[in-house]
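Student: Could you look at this predicted model? Sequence included:
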Amino acid sequence: MKAVLWHGKKDIRVENVQEPVVKQGEVKIKVAFCGICGSDLHEYLAGPIFVPVEEPHPVSNGKAPIIMGHEFSGEVVEIGEGVTHVKVGDRVCVEPILNCGECPSCLKGHYNICEKLGFVGLSGGYGGFAEYSVLSSHMVHKIPDNMTLEQAALVEPTAVTVHAVRQSALKIGDTVAVIGAGPIGLLVVQSAKAAGATKVIVVEVSPERQDFAKKVGADVVINPLEVDAIEEIRSHTNGLGVDVSFEVAGIQPTIEMAIQATKPEGNVVNISIWEKPAEININNLILAERKMTSIIAYRNNYKEVIQLIANGQIQALELVTKKIALDDVVTEGFEALTENKNQIKILVDLS
């Protein structure tokens with residue numbers, strides 16, 4: 001079968017690999033759609049970050065080259081012995097977290113901060129940039145009849161933002177700033193609105209992404225190249241700053257902006273995966289008793305996220321700007337996202 005393999009920084013190849021075989025407790029999926037994630041782009045431009053290179057990943061036992069892709073959906077074509085919650089023909093999405101199941105975090109259900117955390121498609125296993133994938137059955141979630149397979153491929157990134165909002169101090173009626181309007185930032189806008197935020201302010205330099213922010217429900221959109229973004233945010237929040245800010249760009253100026261745009265005793269939430277260390281003035285947190293919350297991925301929320309998208313409360317499909325063939329994943333996918341801010345979410349179409 002055809003698959004997309006990560007070999008190294010700026011070295012991703014479409015190759016023929018052996019089709020995976022189902023074992024006990026596993027599910028085989030014919031992949032329909034797989035999204036290109038910001039984490040995939042980080043691996044392409046600056047990796048390895050999650051990709052194991054020297055030693056195999058302790059859960060997947062895989063190492064580079066690995067089959068990429070972790071935001072995917074498809075149809076069940078085979079099940080292994082002992083699998084009962086899905087059957088052949090079911091349409092499904094994938095929760096791609098790899099975890100040990102034995103560490104203290106896993107034992108209390110917080111598997112997203114497992115000591116051996118990894119992701120199918122980033123840390124080994126059969127990722128979604130391939131014709132078929134085989135996964136442990138607990139990673140496979142059936143979708144309802146009123147959800148498309150394109151929508152199902154967007155459950156994974158949406159789950160990140162729903163987890164971020166849940167972990168934050170956001171309450172009904174609060175004000176929110178979203179710093180960065182890439183795919184995750186735009187989904188944060190919708191997740192915050194779904195959770196009861198009354199005013200969502202987006203900070204973004206790209207005109208194209210500013211337009212997307214307005215389209216998905218941002219109340220105020222600020223270009224920090226044209227105005228003092230912190231002062232502008234304060235002008236929309238009675239001079240105080242927002243109740244909760246979400247940093248979704250992963251660069252030093254934006255984490256500093258997120259802190260200073262948050263009111264005293266407010267909550268700064270970092271979602272970004274950082275390519276390099278950042279320096280922040282800790283006193284900007286301490287002297288106003290601002291709280292810093294960091295999140296990674298998601299946990300125990302896939303059923304709710306599936307319903308939020310299926311019911312139309314989160315319009316995840318609004319983010320899809322292009323569908324491409326597997327053979328074009330580098331030029332029309334990774335390179336397009338690197339060079340063109342018109343592109344938000346690109347789906348690889350294997351349907």
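Tutor: It's in.
Student: Helices along the protein, start to end?
Tutor: 38-46, 104-107, 149-152, 155-167, 183-194, 207-215, 229-235, 252-260, 283-286, 302-310, 335-339 (DSSP state H).
Student: Tell me which of those sits nearest to Val268.
Tutor: Nearest to Val268 among the helices of the chain is helix 252-260 (5.2 Å), distances taken as CB to CB. C-beta here means a position set from N, CA and C on the backbone, and glycine is covered the same way.
Student: just the helices of the chain: most buried one?
Tutor: helix 183-194 (a mean of 27; mean count of other CB atoms under 10 Å).
Student: Can you check what angle separates that one from helix 155-167?
Tutor: On the basis of axes from the mean of the first three to the mean of the last three CA atoms, to 10 degrees, helix 183-194 is oriented at 50 degrees to helix 155-167.
Student: How far away from the center of its chain is helix 183-194?
Tutor: Remark: helix 183-194 is offset 11 Å from the chain centroid, using CA atoms, centre = their mean, to the nearest Å.
Student: quick one, domains of the chain?
Tutor: Using automatic domain parsing, the domains assigned to the chain come out as 2-153+315-349, 159-294.
Student: How far does the last one sit from its chain's centre?
Tutor: By that I understand domain 159-294. Offset of domain 159-294 from its chain centre (CA atoms, centre = their mean): 16 Å.
Student: what about it, average pLDDT?
Tutor: In this model, domain 159-294 has an average pLDDT of 97.
Student: Please apply the same query to the longest one.
Tutor: Model confidence over domain 2-153+315-349 averages 97 on the pLDDT scale.
Student: so how far is the first residue of that domain from its last?
Tutor: Using CA to CA, to the nearest Å, the end-to-end distance of domain 2-153+315-349 comes out at 13 Å.
Student: Find out how far that domain is from the centre of the chain, if you would.
Tutor: Its chain's C-alpha centre and that of domain 2-153+315-349 lie 12 Å apart, by CA atoms, centre = their mean.
Student: Which one of the helices of the chain lies nearest to Glu275?
Tutor: Among the helices of the chain, the nearest to Glu275 by CB to CB is helix 38-46 (4.6 Å).
Student: quick one: that closest one to helix 183-194, angle?
Tutor: Using the same axes, to 10 degrees: helix 38-46 against helix 183-194 is 160 degrees.
Student: And the contacts of helix 38-46?
Tutor: Applying CB atoms under 8 Å, 6 or more residues apart in numbering, the contact partners of helix 38-46 are 6, 9-10, 12, 49-51, 68-70, 119, 121-122, 182-184, 273, 275, 334, 337-338.
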